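**Q** Coordinates only, no sequence provided:
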């Protein structure tokens, strides 16, 4: 289950699953730490030797030899320290990379810290113009790839949600994180964050850490998600962790509900929350949607919308935010038949999967054919497998690097007790492996929870082609006898008899047959009465049933759109030297599908005729719905290319004559000559994916001019 | 200004502007009421005559004649009553129409009351599958028509907003409605609603209402929006209005803030609100957006997103809701130059406009050429006019009936003091004339408010091509003299001198020149001091300036998407008799652009070959991104057409052979024969607007089969 849509039982554990497992590096690190530790003690012993030689005024050559040996040991020690540091500082280079991506994103307004002129609010970000376009493209493609292709029923429900709905879903009780407070200033922190920071800091910076201690801290990091409030509190005490800014002592951890609370209506007596996920809006509409679908299973409903999470102390930039866009699918299916008609279309896909067993035995993710994973039972069922495949296709078509994408199965302790199976699509970025899509078979849990709370049955019906015979237990209280025996209490005794469960009734039947009477506790009377064999008949009957009534299972792919977009930024970012070689230029290698702007149109020089041509092409592009930018500033063409490369614009049209223009592709920097009249339609075809650049390249004359490229 | 985005000064008045002005009906009503009143008194007089004749035992023929005259008068009276009733019951037929639209919408899940299984929450609605598709189509077209065509900078900001932003915008203080409480139960009501209901009820149902009283109540209805809390309270007392359900007395009206309040972060000390409009997110980003646009004006930013309003007692179904989608544009422009480069493209449009003067003089809206309205100064400036024209094109292309659309100018008392001009696009539906888009020239108000509160200048620069000479006043305090005279107070006197406004300084200069000294009040010292001519020099200097720094004006078109969609439902709904004539069938005449599903594909009879053809066509449609529905149920073709007409599906493909199919258009019910291979591309072209149905009709052979239509 996606942390972004954590619910019910697994709520506490699920939010924290942004883990960074790098088992390969781990072995080397262990060896280095061990060598360093032994070298350190060798240095100490040798230093003592030198000291005692000096104290005992030993002969100078002896002392000199000992000092030389000490210096040699120190050199070896510092060389090992350097190796260890460089190993650990992998995170430094990751951070440097992230910094250059983030700098470009902020400078080009892909995002803006919200309410910046008022110094912002942690965990809230705006999408600026190019970011907003990328988001809108990702959502359009999501609609095409899932809603349209699968004929899903899309709904759009409000964010404001009354308390009763989120009580039924379990969010009011369990949607919490553990928090500690600075005992003097009252500043709040997430308890697990402080412990995690402590461990990471020690591991990365304390080179004198003993291998045992390092192993312990690593174990803590692995177990962090499973720690109870008490366990977290104990560790914080053990390690004497204090408030980061003030070094004041910290309170014990206690749960903080992550929902933004509000009040609906003017009376102040109707509590409400900003939804923490979009799924509940679908579940409560199940009955209507099932009817809309002609009372047929399976079907899927989908929703795209804002969700809210009042994080205690948001970190990790765009990955952990207080308001975000979710796209969720709830696929309702007969629990007895989880096959999928289009399963064959994805069965042959091969990609990195990280099943439970591989995780437990310390192996890493491996390439698996999806069909094999399903047939071997690694993936629980075809429908779940189908969605895993569709998610893989969705992400890679957006531009996510398939080698930095894996599907990780939840461990038994991560999963809710009712869940049949859960897989997360995790994408690797500078923050580690990030859970971006959760794909969970949640069985009947959600529909049952809302059925119980609302009293409205959320069930499906399977009509049998011919009636089936079913054995049923029939309990018939003999009201006349019961009336004589219990007078005014008769009604309550009758109700209690009728309410007996099958086993209880069969036990009574046996007792009545053998002993003629039996003691029977009537809760509503608060006492035990004696029932004799004239008072009730109990027997089994064969009944014909015409349909089966059941609660559907739900398979839920849940997409954290902002996280996917952030990872996409990292996966598509690269730098290349400018032509003069004097600076590094930034490029986003966005596929045309997600590029915020598909094309820029430049007159090569400032010139009315060229400008007119540019405007003509621009007009055709607008009519075709192709987002583009016209740039008539006098800046050098190289600079203009660099500017648009940084926005990930895939194509540029340079107007350098009134009859034909140059079209340039961003990554190859290849250029072709195309007639003015054809330019807009070539751009449309190549940016809508009806034509590849390779095809354009092989169709039109090539162009190579030093004046028109950087 | 759109009620949906009410702000600052005009906040109180603006929410209530769902008015239903029908001045034509009004004259007739007045006459009828007057005739009825005179007839009633004639009846009374005649009845008295009869009574006194009887009492005085007058001759029978006299009595009979008097009774006959009385009966004749009664007949006339009841005939006038009937006319008046039928005039007033215009609202009944409107309600009946609305009921049939709303029934269809609910039954086909265009919308669903949110959280229905928990008995819902007033003012919250879900968009079900077809409604969600319509909304998504409307928003796509909005993006194409505004963002893409105008190269706007689209942003996407969070809904959760810190208090400081909404304090600056005026919402914390002024975004209120007046509320009264049932003094015994505490139930809350909107004060103006109760008064409005009272007046409407009296006017519609009380036929004995004197013309004077009727005129008074109508005046109250007109003035409702301008009533202060005291005035509203007085009227409620005057008319002895009580709580509708309980008839209990009501409290005095008091303001209730309509924002949903919440708290950001875990400490509970950072209040926040769910944004009441999306505009503020744009204003606070002005500086970055201006930079993104190359520091050039004019430019527009746009945002689509959820907004929230905790209505006191939501009514009017889908029109007055607690959460809704807004699409807002903020066009930033030099206050000294509000021309628009594309103005000529809309200047010749002609549509209903309702200028201030026509409203004041009791006339109705009239057709005006936009260019004339601008050149005559009825519309304040070209840019405002341009957006009015673009909004007209947007709404009519969606399917809004141009004869039930008018642009109403705000009256002086509706407009904020800083606003230059405001026009609402109002659409007539069964609730009356509904404000759906507000188009306001808000001058520099919003940017100034945020500049002041944040301390960050939100300004634009105009570089002069050559420096301009500007006369500036220079005040130079002579510190030595001032020090001698005022010692420790010298600094404060200097500051006070430097802070003088131009007029004050010039007055001082004159006084010093004539009298040699002058009294001068220094606020920071709390006293008046004497300044002599040795203490300060004041003179004018010519300075060269290289640029002009100014706060841009903002022109804001603000779209209530849900309201537009609801009006569209009413404007496109009609019924027609079924072929058998035994029932009325519902149809939504959606243009293909907004239709939730563009096409249905039916095999004429259940048959594997036909099903295969249907699936083939479906596959091509999916690939082309055309939303469609395949229906292989065995239902009669007539019923299947009726079902899809009710969803507003414009085209249907009936597979009745394996080589060619029948394509039917919804409104004309015309049918053509098209080859199987061409079917999908014809549907694509005609539903994407590249081809008209008329063209299809004239290209392909016609089909008229009684088996394939209702």
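**A** Ah, there it is. Small disclaimer: the values here were computed from a predicted structure and weren't measured. Residues are numbered from 1 along each chain as shown, chains lettered A, B, ... in the order given.
**Q** How many residues are close by residue A:436?
**A** Neighbouring residues of residue A:436 were enumerated by other CB atoms under 10 Å in any protein chain shown; the total is 29. (C-beta placed from N, C-alpha, C; glycine too.)
**Q** scratch that, residue A:619 is what I was asking about
**A** If you count neighbours by other CB under 10 Å, residue A:619 ends up with 13.
**Q** That one belongs to a strand, doesn't it?
**A** No. Counting by DSSP: H, G, I helix; E, B strand; the rest coil, residue A:619 is not part of a strand but helix.
**Q** Please enumerate the helices of the stretch 251-400 of chain A.
**A** A:279-284, A:286-292, A:356-360, A:370-375, A:382-398 (DSSP state H, counting those that start in this stretch).
**Q** weakest of these by average pLDDT?
**A** Out of the helices of the stretch 251-400 of chain A, the stretch the model trusts least by mean pLDDT is helix A:356-360, with a mean of 88.
**Q** Excluding chain neighbours, give the residue nearest to residue A:298 in space.
**A** With sequence-adjacent residues excluded and distances taken as CB to CB, 6 or more residues apart in numbering or on different chains, residue A:298 is closest to residue A:333, at 4.2 Å.
**Q** For residue A:104, give me its contacts.
**A** By CB atoms under 8 Å, 6 or more residues apart in numbering or on different chains, the contact list for residue A:104 reads A:110, A:573, A:586, A:588, A:646.
**Q** Give the full set of residues in contact with the fourth one.
**A** Shown in contact with residue A:588 (CB under 8 Å, 6+ apart): A:104, A:569, A:572-573, A:645-648.
**Q** roughly how far is stretch A:233-242 from the heart of the chain?
**A** Taking the mean C-alpha point of stretch A:233-242 and that of its whole chain, the gap between them comes to 30 Å (CA atoms, centre = their mean, to the nearest Å).
**Q** Spell out which parts of the stretch 1-150 of chain A neighbour chain B.
**A** For the stretch 1-150 of chain A, the residues found near chain B under the criterion CB under 8 Å from any CB of the partner chain are A:109, A:112, A:114-118, A:121-122, A:124-129, A:131-133, A:135-136, A:143-144, A:148-149.
**Q** Can you list which of those are found in strands?
**A** A:112, A:125-127 (DSSP state E).
**Q** buried stuff in the strand or helix carrying residue A:220?
**A** Taking DSSP states H and E as the definition, one finds residue A:220 inside helix A:211-223. Taking 16 or more other CB atoms under 10 Å in any protein chain shown as the neighbour-count basis, helix A:211-223 is seen to contain the buried residues A:211, A:214, A:217-218, A:220-221.
**Q** helices and strands around the helix ranked longest in chain A, which ones?
**A** Across chain A, the helix with the greatest residue count (assigned by DSSP state H) is helix A:23-55. On a contact count with 3 or more CB pairs under 8 Å, 6 or more residues apart in numbering or on different chains; DSSP states H and E, helix A:23-55 meets helix A:60-88, helix A:211-223.
**Q** so what pLDDT did the residue lying farthest from the centre of chain A get?
**A** Farthest-out residue of chain A from its mean C-alpha position, per CA atoms, centre = their mean: residue A:59, at 69.1 Å. Here, the pLDDT recorded for residue A:59 equals 89.
**Q** Quick check: it vs residue A:240, distance?
**A** Plainly put, residue A:59 is 48 Å away from residue A:240 if you go by CB to CB, to the nearest Å.
**Q** Do you know the pLDDT at residue A:1?
**A** Reading off the confidence values, residue A:1 has pLDDT 35.
**Q** Reformat the contacts of residue A:588 as TSV; add pLDDT and secondary structure.
**A** As requested, these are exported to TSV (pLDDT from 0 to 100; DSSP: H, G, I helix; E, B strand; the rest coil):
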residue	pLDDT	secondary structure
A:104	96	helix
A:569	97	helix
A:572	97	helix
A:573	97	strand
A:645	95	helix
A:646	95	coil
A:647	96	coil
A:648	97	coil
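**Q** If you rank these by neighbours, which is first?
**A** Counting by other CB under 10 Å, top hit in these: residue A:648 with 28 neighbours.
**Q** Phi first, then psi, for the closest residue to it other than its chain neighbours.
**A** Excluding its sequence neighbours, the residue lying closest to residue A:648 (CB to CB, 6+ apart) is residue A:588, at 3.2 Å. The phi and psi values for residue A:588, taken as degrees, to the nearest 10, are phi -110, psi 120.
**Q** again, but for the one 3 residues further on
**A** Phi and psi for residue A:591, reported as degrees, to the nearest 10, are phi -60, psi 150.
**Q** Flag every residue of the stretch 251-400 of chain A that's near chain B.
**A** Contact residues of the stretch 251-400 of chain A with respect to chain B, defined by CB under 8 Å from any CB, are listed as A:256, A:260-267, A:270, A:272, A:274, A:281, A:284-285, A:287-289, A:292, A:294, A:306, A:308, A:310-313, A:322-323.
**Q** pLDDT on the longest helix of chain A, on average?
**A** Helix A:23-55 shows an average pLDDT of 81 in the prediction.
**Q** which parts of it are buried?
**A** Burial within helix A:23-55, assessed by neighbour count using 16+ other CB under 10 Å, is assigned to A:29, A:32-33, A:35-37, A:39-40, A:42-43, A:46, A:49-50, A:53.
**Q** of these, closest to chain B?
**A** Proximity to chain B was ranked across these by CB to the nearest CB; first place goes to residue A:29, at 35.4 Å.
**Q** Touching, the closest one and residue A:86? I think so.
**A** No. Using CB atoms under 8 Å, residue A:29 is not in contact with residue A:86; the gap is 11.1 Å.
**Q** Residue A:456 contacts residue B:119, doesn't it?
**A** No. Counting by CB under 8 Å, no contact exists between residue A:456 and residue B:119, whose distance comes to 10.1 Å.
**Q** and the two? which has more neighbours close in?
**A** Set side by side, residue A:456 and residue B:119 show unequal neighbour counts under other CB under 10 Å, the larger going to residue A:456 at 15 against 10.
**Q** any idea which helix or strand carries that one?
**A** Secondary structure assignment for residue A:456, by DSSP H and E: no helix or strand.
**Q** hang on, the earlier thing: can you tell which of the helices of the stretch 251-400 of chain A is closest to residue B:204?
**A** Counting by CB to CB, residue B:204 lies closest to helix A:286-292 out of the helices of the stretch 251-400 of chain A; the figure is 35.2 Å.
**Q** Can you give me the buried ones in that closest one?
**A** The neighbour-count check on helix A:286-292 (16+ other CB under 10 Å) flags A:286-290, A:292 as buried.
**Q** so, if you compare those residues, which one comes nearest to residue A:542?
**A** Closest approach to residue A:542 among the buried residues of helix A:286-292 (CB to CB): residue A:290, at 30.6 Å.
**Q** In space, what's closest to residue A:509 - neighbours in sequence excluded?
**A** Residue nearest to residue A:509 in three dimensions, not counting chain neighbours: residue A:538, with 4.2 Å by CB to CB, 6+ apart.
**Q** Ramachandran coordinates for the one you found?
**A** Dihedral angles phi and psi of residue A:538 (degrees, to the nearest 10) take the values phi -130, psi 120.
**Q** Roughly how far does it sit from chain B?
**A** Between residue A:538 and chain B the computed distance is 36 Å (CB to the nearest CB, to the nearest Å).
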